[in-house]
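A.B. asks: Let's see this in three dimensions:
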Amino acid sequence: MRALDTSDLDEVVTLLALPGCAAGTLGVPLDSPDRRRRQLAETPEGAYRLVAEQLEGEQAKLVGLAGVTRRWGRRAHTATVWLLVHDDHVGRGVGTALMRAVVELADDWLRLDRLDLEVYTDNAPAIRLYESLGFEREGTLRRYAVRGGRFVDAYAMGRLRPDATG
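C.D. replies: Here you go, the predicted model:
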């Protein structure tokens, strides 16, 4: 696990174009690689992006990406999180490792009290992962996005830091 670097941008653009990854994001398929690189190169204030790699021979290949973005003002104690795993590495623990690292960063270093995310209601493996890390379903976002020409719903999920007091 390490921080995303600008040298990773080409691999991330490739990751985002994979059918499984593309289906799980809000991005539009066949988006311009240059536009995606520009978006990725601009790290918003309060954003942390982590990558997971796997050695293939003597070269490391990017197999996952996750992030946490802290909000500001009266919501500075909260952040949104997200996760992408390479299609060929789904179910191999990459997402679990990345999400554990994101939660640890949020809890132990950023002292965030609340994390939230959105996940498509038909993404059972991701929902199980998030629930295993303490996220709870807080509501259903109906017709949240368009995927393959159809509206799809998403769950709004949230996690409160266990030792946080209200």
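A.B. asks: Which parts of this protein are strands?
C.D. replies: Secondary structure of the chain by DSSP state E: the strands cover 2-3, 47-56, 59-70, 78-85, 114-120, 136-147, 150-160.
A.B. asks: Can you list the strands that the first one pairs with?
C.D. replies: In the sheet containing strand 2-3, the strands it pairs with under DSSP bridges are strand 47-56 (antiparallel).
A.B. asks: Quick check: buried residues in the partner strand?
C.D. replies: By 16 or more other CB atoms under 10 Å, the buried positions in strand 47-56 come out as Tyr48, Arg49, Leu50, Val51, Ala52, Glu53. Heads up, the C-betas are built off the backbone N, CA and C, glycines and all.
A.B. asks: Can you lay out those residues as TSV showing distance to Leu18 and pLDDT?
C.D. replies: Conversion of the buried residues of strand 47-56 to TSV gives the following (distance: CB to CB, whole Å; pLDDT from 0 to 100):
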residue	distance to Leu18	pLDDT
Tyr48	23	95
Arg49	18	94
Leu50	18	94
Val51	15	94
Ala52	15	93
Glu53	16	90
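A.B. asks: quick one: which of these is nearest Thr25?
C.D. replies: Arg49 (14.3 Å; CB to CB).
A.B. asks: check contacts around the closest one.
C.D. replies: Ala3, Leu4, Thr43, Leu65, Ala66, Gly67 (CB atoms under 8 Å, 6 or more residues apart in numbering).
A.B. asks: go on, Val90?
C.D. replies: By CB under 8 Å, 6+ apart, the contact set of Val90 is Gly20, Pro125.
A.B. asks: can you rerun that using 10 Å?
C.D. replies: Listed by CB atoms under 10 Å, 6 or more residues apart in numbering, the contact set of Val90 reads Gly20, Cys21, Gly24, Val63, Gly64, Pro125, Ala126.
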